[in-house]
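S.K.: Could you look at this predicted model? Sequence included:
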Amino acid sequence: AQRVTQPEKLLSVFKGAPVELKCNYSYSGSPELFWYVQYSRQRLQLLLRHISRESIKGFTADLNKGETSFHLKKPFAQEEDSAMYYCALNTGNQFYFGTGTSLTVIP
Amino acid sequence: NAGVTQTPKFRILKIGQSMTLQCTQDMNHNYMYWYRQDPGMGLKLIYYSVGAGITDKGEVPNGYNVSRSTTEDFPLRLELAAPSQTSVYFCASRGPYSNQPQHFGDGTRLSIL
């Protein structure tokens, strides 16, 4: 079975503090992993994907196959980072989403 | 470039009624998806399509039907609405490669009373 786990439903950090949103996956094949973000009153949109190894809006995520994790990190959180974040696993034709983490950055 | 467009944005149905949620995309994407999002449950895949004329079940297909007669359109049909189908429904599309992201519509908020 393919599954994505985001253990934190809610996460609050102060502005300027580091933030880490956890994502663990279960998949026997080679995973394609993504982070999606949904800002208030906006549609779900791609934040970053593991294959690009990129930094978007200061966020990075490293795929750790040994720990089957794809945690999202940012060294200094900003108020505009407050949003809902979803980790997603693509197994070819299907995507599996985690339950999401609501991040609040406190001014 | 509109991307993925869903209609309607909101709808209230009575138990037993039927309706079709519309989804269209203008990016010439082969892959299209329908998800439902329940509070605290993330997105669950209902149906997906890898191209015109081809559809397949996702995790939670019961009570729904889809068709894909064109590349652009992927309507989702509820035949006999039930309260358990109260949810927010999202349509998405994707290009041909597995490392490409999905593009989402704004969602349809559906209530069954």
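M.R.: Nice, thanks for sending it over. None of these values were measured; they are calculated from a predicted model. Numbering: from 1, shown residues only, chains lettered A, B, ... in the order given.
S.K.: which residue lies farthest from the center of chain B?
M.R.: The outermost residue of chain B, judged against the average C-alpha position, is B:Asn99 (21.1 Å), by C-alpha atoms, centre = their mean.
S.K.: Spatially nearest residue to that one (excluding sequence neighbours)?
M.R.: A:Ile51 (4.6 Å; C-beta to C-beta, 6 or more residues apart in numbering or on different chains). Heads up, the C-betas are built off the backbone N, CA and C, glycines and all.
S.K.: since we're on the one you found, how many residues are nearby?
M.R.: 14 (other C-beta atoms under 10 Å in any protein chain shown).
S.K.: Ok, B:Val66 next?
M.R.: 23.
S.K.: OK, contacts around it?
M.R.: Residues in contact with B:Val66, defined by C-beta atoms under 8 Å, 6 or more residues apart in numbering or on different chains, are B:34, B:46-47, B:49, B:55, B:74-77.
S.K.: what does chain A have sitting close to chain B?
M.R.: Residues of chain A lying close to chain B by C-beta under 8 Å from any C-beta of the partner chain are A:4, A:6, A:9, A:32, A:34, A:36, A:43-46, A:49, A:51, A:86, A:88, A:90, A:92-100.
S.K.: hmm, which of those are the buried ones?
M.R.: A:4, A:6, A:32, A:34, A:36, A:43-44, A:46, A:49, A:86, A:88, A:90, A:94-100 (16 or more other C-beta atoms under 10 Å in any protein chain shown).
S.K.: So the one residue sitting closest to the centre of chain B, which state does it fall into?
M.R.: Computing the C-alpha centroid of chain B and ranking residues by C-alpha atoms, centre = their mean puts B:Trp34 first, at 2.9 Å. Using DSSP: H, G, I helix; E, B strand; the rest coil, the structure places B:Trp34 in strand.
S.K.: what's the spacing between it and A:Pro7?
M.R.: 27 Å (C-beta to C-beta, to the nearest Å).
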